[in-house]
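Participant: Here's a sequence, model it:
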Amino acid sequence: MNDSPAERRIGPDAAAAARTQDDLATGEDAERGCIIARLTELQRSMGRFFARDRSMPLLASTLTMQQLKVVMFLSFAGSASGQDLARHLGVGLATVTGIVDRVVAQGLAGRHEDPHDRRVRRVELTEAGRRLTSEIIEAGTGGYIRLLRRLDTETLRTMETVMRKIEDVMREMHAEDAGPA
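Facilitator: All right, here's what the predicted structure looks like:
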């Protein structure tokens, strides 16, 4: 196998992405492409590291992917109508009804009348559903904190600075995606 130093350092997929970007750019653009490829591979590596923790509630859950999407959406939205959920999942109302029926049967959500429109039924997490979503979110946070505690203070300061810049860019991108108010 004739791996280049870049492929040995960042992996063949990331190296291929970097080569593609290198073909399109020169100088600083090429360097930025290589750095982005390495960071992407490092992010994937972190994802694989955290996914190995089989004790995570997400992996222990018996929810289907669609049910999990409903539960997580409700954890962020608070409550939603069937139409909201159908739009979010990209499926029909009849499909959402079946998914919600199964989430309700597991005791993770309940239905109630919309106080503003009695024709609409809203879906909301139960205490068990809120506890599950909290455990899912906190399981990832716990592993991340364990990892960060192994870093020296100067590295943590640098990471904080970088993460704040990333957060600023995320806000800008969110504002762009939302469009004019």
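Participant: Next up, identify which helix or strand Cys34 is on.
Facilitator: Assigned by DSSP states H and E, Cys34 belongs to helix 27-51.
Participant: and the next element down the chain from that helix?
Facilitator: helix 57-60.
Participant: next structured bit after that following helix?
Facilitator: Sequence order places helix 65-77 as the next helix or strand after helix 57-60, per DSSP H and E.
Participant: In that next one, which of the residues would be classed as buried?
Facilitator: Gln66, Gln67, Leu68, Lys69, Val70, Val71, Met72, Phe73, Leu74, Ser75 (16 or more other C-beta atoms under 10 Å). From N, CA and C alone the C-beta is placed, and that goes for glycine too.
Participant: okay, those in TSV with pLDDT and distance to Leu58 next?
Facilitator: Putting the buried residues of helix 65-77 into TSV (pLDDT from 0 to 100; distance: C-beta to C-beta, whole Å) gives the following:
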residue	pLDDT	distance to Leu58
Gln66	95	15
Gln67	95	12
Leu68	93	8
Lys69	94	12
Val70	96	14
Val71	96	11
Met72	94	10
Phe73	95	15
Leu74	96	16
Ser75	95	13
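Participant: which one of those is nearest Asp117?
Facilitator: Within the buried residues of helix 65-77, proximity to Asp117 (C-beta to C-beta) peaks at Leu74, which comes in at 18.6 Å.
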